[in-house]
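In: no sequence on this one, just coordinates:
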């Protein structure tokens, strides 16, 4: 399929585009390169009426980079790289907070490919925000102050309560603290491809600003978390079965609404490994995603 057939239909000025004229089962190199450029421009891409086997889902995701296995989510049988996000009355939603995926890792993921398998009759939308737009809306003086700071990201801040409720909760918590200790990333990150600065804190995993006192850190983070909620930074997808969303995890955050509970919702997600976030004025890497 030639890239001339692909159409990007932007949803907002800041973020999001529907991609028309693409079958993800059939991508040549030129078309995939065009999709990558579109992803850098729009940050999250929406593909509709896609029919992917697990193997096709993995083949598409693998073109972006190495696929990773999530620490918590249940994998699809025979396909550990595909996380099954499945919720109903017995399994309430747990992703209804703003976050970038796995920022508690030293090298968080660069992208994700989410495939809608069962959508409830009401609710279950996902929202994304542009971390570029959030940074660029800060006052210049405050932005420069933040550029010298670093934030801690803690796995157990998000998943501690969830793991602690398991039958072997104490052992899981002990193992998680040993295997996934808190990490520190720059509060303002430079995207390795575009060279644009972005705000790199999220209320799900970010626990503190290491250079500030607790009182100062709490106040600054509270302000930033509220700042991120500005609707002009966001886009919202009302899912249909067989929709696929691909997002640049480095430059976005997302929120999976839990307003369908106790109805059933099932999604298949693959995350693509990235690199350590870098602050300052790092030069973009032309060959990277």
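Out: Ah, there it is. Remember, predicted model here, so these are calculated numbers, not experimental data.

In: for the closest residue to residue 17 other than its chain neighbours, what are its contacts?
Out: Nearest residue to residue 17, sequence neighbours excluded (C-beta to C-beta, 6 or more residues apart in numbering): residue 42, at 3.9 Å. Placement of C-beta: from N, CA and C, glycine included. Counting by C-beta atoms under 8 Å, 6 or more residues apart in numbering, residue 42 makes contact with 8, 10, 15, 16, 17.

In: same thing but 10 Å
Out: 8-12, 14-19, 130, 235, 246-248 (C-beta atoms under 10 Å, 6 or more residues apart in numbering).

In: next one: residue 257
Out: 93, 95, 96, 123, 124, 125, 126, 127, 236, 265.

In: do that again at 7 Å, thanks
Out: Contacts for residue 257 (C-beta atoms under 7 Å, 6 or more residues apart in numbering) come out as 96, 123, 124, 125.

In: Check residue 99 too.
Out: Neighbouring residues of residue 99 by C-beta under 7 Å, 6+ apart: 202, 204, 205, 253.

In: Correct me if wrong: the first one contacts residue 97.
Out: No - taking contacts as C-beta atoms under 7 Å, residue 202 lies outside contact range of residue 97: 8.2 Å.

In: In terms of neighbours, single out the busier of the two.
Out: Neighbours per residue, other C-beta atoms under 10 Å: of residue 202 and residue 97, the larger number sits with residue 202, 25 against 16.

In: and that one, how far is that from residue 249?
Out: 11 Å (C-beta to C-beta, to the nearest Å).

In: so what sits against both of the two?
Out: Common neighbours of residue 202 and residue 249 (criterion: C-beta under 7 Å, 6+ apart): residue 100.

In: Quick check: closest non-adjacent residue to residue 216.
Out: Nearest residue to residue 216 in three dimensions, chain neighbours excluded: residue 209, at 7.5 Å (C-beta to C-beta, 6+ apart).

In: What about the one you found, how many residues nearby?
Out: Residues near residue 209, counting by other C-beta under 10 Å, number 23.

In: just how off-centre is stretch 173-191 within its chain?
Out: Distance of stretch 173-191 from its chain centroid, counting by C-alpha atoms, centre = their mean, to the nearest Å, is 16 Å.

In: Now tell me what touches that stretch from outside.
Out: By C-beta under 7 Å, 6+ apart, the list of residues contacting stretch 173-191 from outside reads 71, 103-106, 135, 146-147, 149-156, 160, 163-164, 197-201, 207, 209-210, 250-251, 277-282.
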